[in-house]
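K.L.:
What follows is a predicted protein model with its sequence.
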Amino acid sequence: MKSLIEELHAKREVLWQGGGLEKIKKHKAKGKLTAWERVFYLLDKDKPFVEIGMFAGDGMYLEDGGCPNGGAACVLGYVQGKLCVIASNDATVKAGAWFPISGKKNLRAQEIAMENRLPIIYLVDSAGVYLPMQEEIFPDKEHFGRIFRNNAKMSSMGIPQIAAIMGSCVAGGAYLPIMSDYAFIVEGTGSVFLAGPYLVKSSIGEEVDAETLGGASTHSEISGVTDNKYLNDEACLDAIKGVIDKIGHNEKAGFDRKEAVLPKFSADKISEILPLDRTKPYDIEPIIESIVDAGSFEQYKKDYGKTIICGLARIDGWAVGIVANQREIVKAKMPGGKVELQMGGVIYSDSADKAARFIMNCNQQKTPLVFFQDVSGFMVGSRSEQGGIIKDGAKMVNAMANSVVPKFTFIVGNSYGAGNYAMCGKAYDPRLIYAWPTAQMAVMSGASAGNTLLQIQEAALKSKGVKISPEEKEELLEKILNQYNEQLSPYYAAARLWVDGVIDPAETRNIISMGIEAANHAPITERYNVGVLQT
């Protein structure tokens, strides 16, 4: 586990270098701060922050030179004591061009701002859409145009948007800062236009330089497109701080918080308990006790439905409801007094029923929910089917999906099949979702999937009259497993933004605390109703 955490931190160090040291050197030679320097200049030095979308694009687009960190730095953090979302283009990665994953990452930043009604700051330095992949980012619902739709929606919701043009801002991308409430520009480096000098000449024959066409003086003194111009990045960022400092406070959602107490165990306990072998059982309770405030965890229906642990607790003082998969093999009482063993990490009818009832309670009590996933799926077999596992599982999914309190999800270990859904996977709108380095996400485990895929390929070859030897079969299975296991990696999931990042388990407590504080800015206006499966 410690080795995995060291690997995680090493990967992060590389990502923070964006397009590499040589590109950074050229970028700074223009008098510009890097994407991360701009972010850190804005953030309050004595406060924590949460990175959003770390590892986006990891290992993707390699034939195009790659897109480390999705070509942008995105964080949830404090500016002048107020929680904000910051999205900063990284011009050291393909001049800040928008790859498909760049669009997805920026949309995720906007989504977090909208859900929590937080101010959002755009630090723009981008060459626009990456043209060789335009069909994957331009026309669809969740593509580039959705960003400007969100600009308009946030404006109507009263969510402050502040944009700084600190480099190129071209074509459709020009609408992002100009649809914001404030649009600042840096002299000499910032420019914004629908068409650059080369396109203007080829389109209408006019010869014009970039500064005259869309520089700081043009837009601050003549067109009025930007509000003010600034001598350098630092002066522009200071102006943003000045605006944030004067923004009024929101009505609160009313989530309960008391003075924080340190956990019973240190975060090191997690490394001691959590096995790297995903088939081995372990007790989730000490892991929970390493995250929640000491003495605050109160289990719900402790002796019933034991493969899911539910309970109320406090995390950094915030009241929370916890739903966690129990990986220990547990004893369950059956009708007639019979006792049988239940496999850990599997959701049975009784545990699904318990979780559904607990989720309903948390919604009634306005208590945010935290899910810890280490789930192999729902129990299968004739006994489970006859016992109504589908009905009980559907009740749990329904209760969770219709939840109106904010949800936060952490993938501790396995996240397989319908278990991912029931335990609030990405499709069910957790406010934040992160994976630990031990996480694995897929429809099923590597071993199960490998054998299934092998049978499919064998049948396909047999239908063509091709027979394979035992050696060839073993070779084929190894190839299938290698490919499938690569896709199980938490970094594979984070690269595609199925999760908001891979984190050190020690960071979990801070992410939950900041997540609930952010959610507290958005009062709950929906009524909780789970529909036909309410009873």
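P.N.:
Thanks, I have the structure now. Numbering: from 1, shown residues only.
K.L.:
where do the strands sit along the stretch 251-400 of the chain?
P.N.:
298-300, 308-315, 318-325, 330-333, 339-342, 346-347, 369-375, 377-378 (DSSP state E, counting those that start in this stretch).
K.L.:
So which of the ones you listed has the densest surroundings on average?
P.N.:
Sort these by mean neighbour count, taking mean count of other Cβ atoms under 10 Å, and strand 369-375 sits at the top with a mean of 27. Every residue, glycine included, has its C-beta placed from N, CA and C.
K.L.:
wait, isn't Ala435 in contact with Ile503?
P.N.:
Yes - between Ala435 and Ile503 there is a contact under Cβ atoms under 8 Å: 7.3 Å.
K.L.:
For Arg146, see how far away Lys395 is.
P.N.:
33 Å (Cβ to Cβ, to the nearest Å).
K.L.:
Comparing those two, which residue is more hemmed in?
P.N.:
Lys395 (25 against 18; other Cβ atoms under 10 Å).
K.L.:
got the contact list for the more buried one?
P.N.:
Listed by Cβ atoms under 8 Å, 6 or more residues apart in numbering, the contact partners of Lys395 are Ala352, Asp353, Ala356, Val530, Leu533.
K.L.:
Give the burial count for Leu276, as a bare number.
P.N.:
11.
K.L.:
didn't it look like it was pressed against Ala439?
P.N.:
No - Leu276 is beyond contact range of Ala439, at 11.6 Å (criterion: Cβ under 8 Å).
K.L.:
what's the overlap in contacts for these two?
P.N.:
By Cβ under 8 Å, 6+ apart, no residue touches both Leu276 and Ala439.
K.L.:
for the helix-or-strand element of the chain with minimal mean pLDDT, which positions count as buried?
P.N.:
Across the helices and strands of the chain, mean confidence by mean pLDDT, DSSP states H and E is lowest for helix 446-463: a mean of 78. Neighbour-count burial for helix 446-463 flags Gly446, Ser448, Ala449, Gly450, Leu453, Leu454, Gln457, Glu458 (criterion: 16 or more other Cβ atoms under 10 Å).
K.L.:
Same check on stretch 28-36?
P.N.:
For stretch 28-36, using 16+ other Cβ under 10 Å, the buried residues are Lys32, Leu33, Thr34, Ala35, Trp36.
K.L.:
wait, what's in contact with the nearest residue to Gln364 once chain neighbours are set aside?
P.N.:
In space, Gln364 comes closest to Tyr528 once its chain neighbours are excluded; the distance is 6.9 Å by Cβ to Cβ, 6 or more residues apart in numbering. Tyr528 is in contact with Met360, Asn363, Gln364, Asn402, Ser403, Val404, counting by Cβ under 8 Å, 6+ apart.
K.L.:
The first one contacts Val405, correct?
P.N.:
No - the pair formed by Met360 and Val405 falls short of the contact definition of Cβ under 8 Å, at 10.8 Å.
K.L.:
So which of those two has more stuff around it?
P.N.:
Val405 (23 against 19).
K.L.:
Surely that one is in contact with Val370?
P.N.:
No - the criterion here is Cβ under 8 Å, and Val405 misses it with Val370 at 10.6 Å.
K.L.:
what does stretch 230-250 rub up against?
P.N.:
Applying Cβ under 8 Å, 6+ apart, the external contacts of stretch 230-250 come out as 31-33, 38, 41-42, 79-80, 82, 84, 117, 119, 121, 160, 162, 164, 166, 182, 184-187, 189, 216, 228, 521-522.
K.L.:
can you tell me which of the residues you listed are in helices?
P.N.:
Applying DSSP state H to those, the entries found in helices are Arg38, Tyr41, Leu42, Ala216.
K.L.:
In PyMOL, how would I select the buried members of those residues?
P.N.:
Only the buried entries of the ones in helices among the contacts of stretch 230-250 go into this PyMOL selection, using 16+ other Cβ under 10 Å:
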select buried, resi 38+41+42+216
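K.L.:
from the ones in helices among the contacts of stretch 230-250, which single one is nearest Glu142?
P.N.:
When the ones in helices among the contacts of stretch 230-250 are compared for distance to Glu142 (Cβ to Cβ), Arg38 wins out at 26.4 Å.
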